[in-house]
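Undergrad: Below are the sequence and a predicted model; questions follow.
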Amino acid sequence: RRPGGRITGAGRSADARARELRTPLVRIATAAGITTRAEALARRSQIGAEGERYVAQLLAPLTADGWAFLADRRLPRGKANIDLLAISPTGRVYVLDPKKWDRRHRLRVRDGRLWHGEWDVSKRLKPLRYETATVSSLLGVKAIPIAVMVGPMRPGTQLRYDGILLVPAEDICHVLRRLDAQHVPTQRSAHLVDTAERLLPPKTGRTSR
């Protein structure tokens, strides 16, 4: 994307999923005070979309420094999508997975597992590992997975679990700048962006650079 622009398309497919789940019958049930499984899933998708848009807003200032962000991108196979793909001016690639979770419960790593309060959420990072491996293979680079947590982590803290860096959303710009400062440029950023746009099209509708 051009320096200084907005990051468009974040949360688009999650919003579409919420609308799809809210059929007329589901809306009638909700209005009557009946919580259906479809409505619960729709709310979860909506919360996810809000988290993606929030993180995209936080990242927008980096575009003025030459960072490129591709939001809501479809993988070649399956139903999974990449929430946010970041490509730095030095040619480093980051797969960002915003997650908006209840801030009343903190994240921690214990006994080799990831816990959100008293809930074992280790499996919820499995898609991010798959997405990162797919991006690495498609682009011919070693992409870095980062779970961007909205809510359950205090600013200034970090966690690592199974090769994934977890950071508070408020710290994401600082973290990306710091990681990229350690990287020796290997490929032209514009080439990687063009390749990513071609191989990872928007999952829903159009997304501009």
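TA: Yep, that arrived.
Undergrad: Please save the CA atoms from the one helix or strand Thr132 maps to in PDB.
TA: Using DSSP states H and E, Thr132 falls within helix 126-139. Backbone C-alpha positions of helix 126-139 (Å, rounded to 0.1, in the frame of the first residue of the first chain) are rendered in PDB as follows:
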ATOM      1  CA  LYS A 126      -2.800 -23.900  15.700                       C
ATOM      2  CA  PRO A 127      -4.400 -22.000  12.600                       C
ATOM      3  CA  LEU A 128      -1.700 -19.300  12.900                       C
ATOM      4  CA  ARG A 129       1.100 -21.900  12.600                       C
ATOM      5  CA  TYR A 130      -0.600 -23.400   9.500                       C
ATOM      6  CA  GLU A 131      -1.100 -19.900   8.000                       C
ATOM      7  CA  THR A 132       2.500 -19.000   8.600                       C
ATOM      8  CA  ALA A 133       3.900 -22.200   7.100                       C
ATOM      9  CA  THR A 134       1.700 -21.600   4.000                       C
ATOM     10  CA  VAL A 135       2.900 -18.000   3.600                       C
ATOM     11  CA  SER A 136       6.500 -19.000   4.000                       C
ATOM     12  CA  SER A 137       6.100 -21.700   1.300                       C
ATOM     13  CA  LEU A 138       4.300 -19.400  -1.100                       C
ATOM     14  CA  LEU A 139       6.600 -16.400  -0.800                       C
END
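Undergrad: Buried residues of that helix, list them for me.
TA: Across helix 126-139, burial judged by 16 or more other CB atoms under 10 Å covers Leu128, Glu131, Thr132, Thr134, Val135, Ser136, Leu138, Leu139. Yep, even glycine has a C-beta here, placed from its N, CA and C like the rest.
Undergrad: Tell me the one of those nearest Val95?
TA: Thr132 (4.5 Å; CB to CB).
Undergrad: That closest one and Val184, how far apart?
TA: Distance, Thr132 to Val184, by CB to CB, to the nearest Å: 20 Å.
Undergrad: same check, this time on Thr90
TA: 7 Å.
Undergrad: Compare neighbour counts for the two and give me the winner.
TA: Neighbour totals were compared for Thr90 and Val184, and Thr90 leads with 17 against 7 (other CB atoms under 10 Å).
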